[in-house]
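A.B. asks: Next come a sequence and a model predicted from it.
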Amino acid sequence: MSPNDEQLVQAIAEMREDDAVALARAMLDEGRDPFDVLDLCRQAMDMIGKQFEQGECFLPELVLAGEMMESIGALCKPLIEGREGAAPQKHGKVLIGTVQGDLHDIGKNIVTFMLDINGYDVRDIGIDVPAEKFVEEMRDFKPQVVGLSGFLTLAFDSMKETVEAIEAAGLRDGLKIMIGGGQVDETVRRYTTADAWGANAVVAVSLCREWIKS
């Protein structure tokens with residue numbers, strides 16, 4: 001990691017919003033790949049998420065971190081969309097939310113952003129979402145893919161309950177469910193009976209490309 005990279009990660013992790021946005025803007029102005037900048041943001045957000053899990057930072061810090069991500073994402077988005085071959089049409093629908101009992105939304109926001117710029121119609125239904133709300137939104141939005149996000153270990157039971165609620169509502173046929181979060185792995189995927197898990201937003205986009213043919 002270069003000194004500039006370290007400065008950006010540190011600025012985000014220390015909640016220095018003005019410095020972080022200025023550093024990201026300078027890197028982009030110098031021709032840095034916007035996906036590289038977003039990946040540095042993800043690394044910083046992972047650090048903040050771990051601090052939250054350990055009780056070293058609290059909800060206001062998570063909110064501020066999310067605002068920084070949105071500001072930097074707004075700088076990156078037009079550069080990504082302006083690339084040759086960027087497709088404006090929507091490829092399919094993805095419903096995403098952080099499951100009940102979990103207020104962590106940084107990873108979810110990054111996945112939402114990445115799916116959006118890759119041409120998917122994404123409905124983000126927020127944090128601490130009960131299983132019944134996922135079912136309600138699915139009936140209205142009719143997505144091909146549902147993404148369940150959660151950082152805390154207590155989210156695993158909520159993910160399982162949400163999948164079970166979707167099945168009980170008769171909405172699982174033809175639907176793909178992916179899960180993600182800081183501690184999610186293949187063992188958690190098997191426990192929840194989701195179709196796949198993703199370590200990061202790039203994997204989430206790849207799964208949607210595989211599942212939604214358009």
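C.D. replies: Arrived safely, thanks for sending. Numbers count the residues shown, from 1 in each chain.

A.B. asks: Lys77 in helix, strand or coil?
C.D. replies: What DSSP: H, G, I helix; E, B strand; the rest coil gives for Lys77 is helix.

A.B. asks: so who does Ala131 touch?
C.D. replies: For Ala131, the residues meeting the contact criterion (C-beta atoms under 8 Å, 6 or more residues apart in numbering) are Val99, Gln100, Ser158, Glu161, Thr162, Glu164, Ala165, Ile166. Using the backbone N, CA and C atoms, a C-beta is placed for each residue, glycine as well.

A.B. asks: Out of the residues you listed, which is nearest to Gly119?
C.D. replies: For Gly119, the closest of the contacts of Ala131 turns out to be Ile166, at 24.7 Å, with distances computed as C-beta to C-beta.

A.B. asks: ok, the closest one - how many residues close by?
C.D. replies: Ile166 sits with 19 neighbouring residues when counted by other C-beta atoms under 10 Å.

A.B. asks: State the mean pLDDT of stretch 130-139.
C.D. replies: Taken as a whole, stretch 130-139 has an average pLDDT of 98.

A.B. asks: Off-centre distance for that stretch?
C.D. replies: Its chain's average C-alpha position is 19 Å from that of stretch 130-139, according to C-alpha atoms, centre = their mean, to the nearest Å.

A.B. asks: Could you pull out the buried residues of that stretch?
C.D. replies: Pro130, Ala131, Lys133, Phe134, Val135, Glu137, Met138 (16 or more other C-beta atoms under 10 Å).

A.B. asks: hang on, isn't the fourth one packed against Glu164?
C.D. replies: No - here Phe134 does not reach Glu164: they are 11.0 Å apart, not a contact under C-beta atoms under 8 Å.

A.B. asks: Would you mind pulling the contact partners of stretch 49-66?
C.D. replies: So stretch 49-66 is in contact with 12, 15, 17, 44-45, 48, 103-107, 109, 151-152, 182, going by C-beta under 8 Å, 6+ apart.

A.B. asks: Switch the buried residues of stretch 130-139 over to JSON lines; also include secondary structure and distance to Asn118.
C.D. replies: Shown next, in JSON lines, are those (DSSP: H, G, I helix; E, B strand; the rest coil; distance: C-beta to C-beta, whole Å):
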{"residue": "Pro130", "secondary structure": "coil", "distance to Asn118": "28"}
{"residue": "Ala131", "secondary structure": "helix", "distance to Asn118": "27"}
{"residue": "Lys133", "secondary structure": "helix", "distance to Asn118": "25"}
{"residue": "Phe134", "secondary structure": "helix", "distance to Asn118": "22"}
{"residue": "Val135", "secondary structure": "helix", "distance to Asn118": "26"}
{"residue": "Glu137", "secondary structure": "helix", "distance to Asn118": "21"}
{"residue": "Met138", "secondary structure": "helix", "distance to Asn118": "21"}
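
A.B. asks: can you give me the strands for the protein?
C.D. replies: Taking DSSP state E, the strands of the chain run over residues 93-98, 121-124, 145-149, 176-180, 196-198.

A.B. asks: Point out the most buried one among the ones you listed.
C.D. replies: A comparison of the strands of the chain by mean neighbour count, using mean count of other C-beta atoms under 10 Å, puts strand 145-149 on top with a mean of 27.

A.B. asks: That one pairs with which strands?
C.D. replies: Strand pairing for strand 145-149, using DSSP bridges, gives strand 93-98 (parallel), strand 176-180 (parallel).

A.B. asks: now what about it, what contacts it?
C.D. replies: Residues external to strand 145-149 that are found in contact with it (C-beta under 8 Å, 6+ apart): 92-99, 102, 104-105, 107-108, 111, 134, 138, 155, 159, 162-163, 166, 175-181, 192, 194, 204, 207-208, 211-212.
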